[in-house]
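> Need coordinates for the below:
(one chain, ligands or ions: 2)
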Amino acid sequence: MSFVIDFFEGGLLNLSLGPLIGVFLIATFLTVLAVTIYLHRCMAHRGVDLHPIVSHPMRLWLWLTTGMVTREWVAVHRKHHARCETEEDPHSPQTHGIGKVLFHGVALYRVAALDPEVIEKYGHGCPNDVPERWFYRHSALGPTVMALLDLALFGVHGITFWALQMIWIPFFAAGVINGLGHYVGYRNFTTDDTSTNLVPWGIPLGGEELHNNHHAFPSSARFSMKRWEFDIGWAVIQGLSAVGLAKVRRVAPRLLRDEAASLDAETLRAVFAHRFTVMSDYCKHVIRPLVREEYARAREALGASKGQIRRLMTGDQRFFDGAKRRRLSEVLSSNGRLAEVYEYRLRLQALWDRSTTDPEALLASLRQWCREAEESGIASLREFARSVSAYRLATA
Ligand SMILES: [Zn+2]
Ligand SMILES: [Zn+2]
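Ligands and ions are numbered 1, 2, ... in the order given. Predicted structure coming up:
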């Protein structure tokens with residue numbers, strides 16, 4: 001009898017609180033790594049291929065700890081990229097509200113995952129083998145097995161252990177990344193969405209913290225882009241790849257500057273691949289200095305603070321409410337020079353939003369943009385236009 005009571009108190013392992021917390025953190029971190037490496041980088045974006053020795057345990061572990069079905073997760077996530085920040089985005093804080101995405105992210109995920117059209121359109125290329133059909137598709141079964149395992153290993157503490165395991169991914173992936181990763185943090189790239197990098201060191205969430213970098217280069221297996229950023233998911237992929245258990249298919253190309261280069265097809269390639277970097281450079285080197293200059297020169301006429309003007313002119317109008325849009329148009333109509341650089345910004349953006357993919361026509365448009373900008377009366381704009389030709393992609 002006392003054996004039964006002992007068993008229910010501590011389970012087979014009979015761990016005290018410290019080691020129990022340690023095991024919990026390792027277990028949840030393994031789930032985070034499986035989400036970012038297997039579901040996200042390998043299946044949804046095809047940035048890396050995994051050896052079956054790695055992918056099978058990851059699938060099993062995801063089934064046990066989350067019950068998420070690969071095809072559903074992949075489809076919902078691909079739709080997020082394809083319809084980002086629109087009404088059709090499954091979990092945009094812009095359209096659903098940050099509170100809803102942060103705390104009810106799973107409900108939003110479920111709605112999209114249960115839509116057969118979403119699965120049909122975005123769920124291609126996912127496993128349909130025997131383990132998938134017999135076990136992994138039954139999403140309630142995995143967590144049930146996990147509950148029994150937790151109970152056996154940790155006794156009564158296993159119930160709390162299991163409950164926390166079950167809310168870990170829904171809160172941190174569906175809530176924090178999908179919510180806060182489109183809400184707070186810093187942006188390396190002026191992407192056409194509101195994605196942000198939460199912190200430069202992506203460790204607890206497996207590198208998913210670098211969400212703005214990921215939106216700029218979705219199919220890149222590496223999420224870190226700057227020298228000071230760290231992506232633990234990428235470190236694990238490199239480790240696996242070193243021992244032949246992973247094959248990296250795509251990483252974001254590095255952007256270089258060759259000041260002696262002339263504006264040619266190579267420039268066009270670099271400008272298109274790194275269009276969000278180019279736009280960030282434009283905001284940094286053209287809009288910001290001019291806002292400072294005009295604010296010092298004609299503060300009264302502008303009717304807004306320097307920071308406000310900067311945010312209005314470097315932000316994306318699609319995500320502005322009526323008041324912000326009005327303020328932007330007031331600022332632009334009160335200052336011709338600011339209006340001019342804003343106009344050039346829209347024209348530059350229109351270049352890569354154009355439907356044509358004819359490289360000759362695109363190169364001609366880029367050259368024309370640079371020529372006209374170089375003839376403008378605004379020094380920072382002229383300077384930027386002259387520097388465009390130096391953009392190059394690293395060859396290796
Ligand atoms: Zn996103
Ligand atoms: Zn993604």
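> What ranges does the protein have for its strands?
In the chain, the strands defined using DSSP state E lie at 48-50, 201-202, 230-231, 246-248, 255-257, 391-393.
> CSV for those strands, including mean neighbour count, distance to A296 and mean pLDDT?
C-beta coordinates here come from the backbone N, C-alpha and C atoms, glycine included. Converted to CSV, these look like this (neighbours: other Cβ atoms under 10 Å; distance: least, Cβ to Cβ, whole Å; pLDDT from 0 to 100):
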stretch, mean neighbour count, distance to A296, mean pLDDT
strand 48-50, 21, 49, 98
strand 201-202, 20, 37, 96
strand 230-231, 22, 39, 98
strand 246-248, 18, 48, 98
strand 255-257, 14, 29, 92
strand 391-393, 20, 30, 95
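> Quick one: closest of those to G377.
Set against G377 and scored by Cβ to Cβ, those come closest in strand 391-393, at 24.4 Å.
> Parallel or antiparallel, list what pairs with that closest one.
Next to strand 391-393 in the sheet, as set by DSSP bridges, lie strand 255-257 (antiparallel).
> From Q165, how far off is V35?
Shown here: V35 relative to Q165, a distance of 13 Å by Cβ to Cβ, to the nearest Å.
> The two: which has the busier surroundings?
Applying other Cβ atoms under 10 Å to V35 and Q165 shows that V35 carries more neighbours, namely 26 against 21.
> so who does the more buried one touch?
L62, T66, I169, A173, G206, E208 (Cβ atoms under 8 Å, 6 or more residues apart in numbering).
> out of those, which are buried?
The neighbour-count test (16 or more other Cβ atoms under 10 Å) applied to the contacts of V35 identifies L62, T66, I169, A173, G206, E208 as buried.
> Now the last one: phi and psi?
Spelled out, it's E208. Dihedral angles of E208 (phi, psi; degrees, to the nearest 10) stand at phi -70, psi -10.
> Who are the contact partners of it?
Counted by Cβ under 8 Å, 6+ apart, E208 has contacts V32, V35, T36, H40, A173, I177, G181, G202, H214, F223, G233.
> What about these, which are in helices?
Taking DSSP state H, the ones among the contacts of E208 that sit in helices are V32, H214, G233.
> Around the closest residue to E72 other than its chain neighbours, count how many other residues there are.
Spatial nearest neighbour of E72, excluding adjacent residues (Cβ to Cβ, 6 or more residues apart in numbering): A113 at 4.0 Å. Look at A113: counted by other Cβ under 10 Å, it has 20 neighbours.
> Disregarding residues adjacent in the polypeptide, which is nearest to the one residue sitting closest to the centre of the chain?
Against the mean C-alpha coordinate of the chain, by Cα atoms, centre = their mean, the closest residue is H211 at 2.9 Å. Leaving aside its sequence neighbours, H211 sits nearest to G181 (Cβ to Cβ, 6+ apart; 3.5 Å).
> My guess is that neighbour contacts D193. True?
No - contact criterion Cβ atoms under 8 Å: G181 and D193 do not qualify, at 10.3 Å.
> more neighbours, the two?
Between G181 and D193, G181 has the larger neighbour count (other Cβ under 10 Å), namely 26 against 22.
> residues touching that one, list them.
So G181 contacts S195, T196, L198, E208, E209, H211, N212 (Cβ under 8 Å, 6+ apart).
> can you tell me how far it sits from V199?
11 Å.
> list residues touching both of the two?
E209.
> Can I get stretch 375-390 in PDB? Just the C-alpha atoms.
Provided in PDB are the C-alpha atoms of stretch 375-390 (Å, rounded to 0.1, in the frame of the first residue of the first chain):
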ATOM      1  CA  GLU A 375      19.000  65.300 -60.300                       C
ATOM      2  CA  SER A 376      16.900  66.200 -57.200                       C
ATOM      3  CA  GLY A 377      17.800  69.100 -55.100                       C
ATOM      4  CA  ILE A 378      18.000  67.000 -51.900                       C
ATOM      5  CA  ALA A 379      21.600  66.100 -51.000                       C
ATOM      6  CA  SER A 380      20.800  62.900 -49.000                       C
ATOM      7  CA  LEU A 381      18.600  61.600 -51.900                       C
ATOM      8  CA  ARG A 382      21.300  62.300 -54.500                       C
ATOM      9  CA  GLU A 383      23.900  60.600 -52.300                       C
ATOM     10  CA  PHE A 384      21.700  57.500 -51.900                       C
ATOM     11  CA  ALA A 385      20.900  57.300 -55.600                       C
ATOM     12  CA  ARG A 386      24.700  57.400 -56.400                       C
ATOM     13  CA  SER A 387      25.400  54.600 -53.900                       C
ATOM     14  CA  VAL A 388      22.800  52.200 -55.200                       C
ATOM     15  CA  SER A 389      25.200  50.700 -57.800                       C
ATOM     16  CA  ALA A 390      27.500  49.500 -55.000                       C
END
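> Buried residues, that stretch. List them.
In terms of neighbour count (16+ other Cβ under 10 Å), stretch 375-390 has its buried residues at I378, S380, L381, R382, F384, A385, V388, S389, A390.
> contacting residues for the first one?
Under the criterion of Cβ under 8 Å, 6+ apart, the contact list for I378 reads V286, L290, R337, E340, V341.
> For it, give me the pLDDT.
pLDDT recorded at I378 is 92.
> coming back round to it: show me what contacts the residue nearest to E72?
By Cβ under 8 Å, 6+ apart, the contact list for A113 reads V69, E72, W73, A75, V76, I119.
> Next, count neighbours for the last one.
Counted with other Cβ under 10 Å, the neighbours of I119 add up to 20.
> any idea how far the residue lying closest to it once chain neighbours are set aside lies from E120?
For I119, ignoring the flanking residues on the chain, the nearest one in space by Cβ to Cβ, 6+ apart is A75 at 4.8 Å. Distance, A75 to E120, using Cβ to Cβ: 8 Å.
> swap in L50?
25 Å.
> same check, this time on L17
47 Å.
> same deal with G322?
G322 is 37 Å from E120, by Cβ to Cβ.
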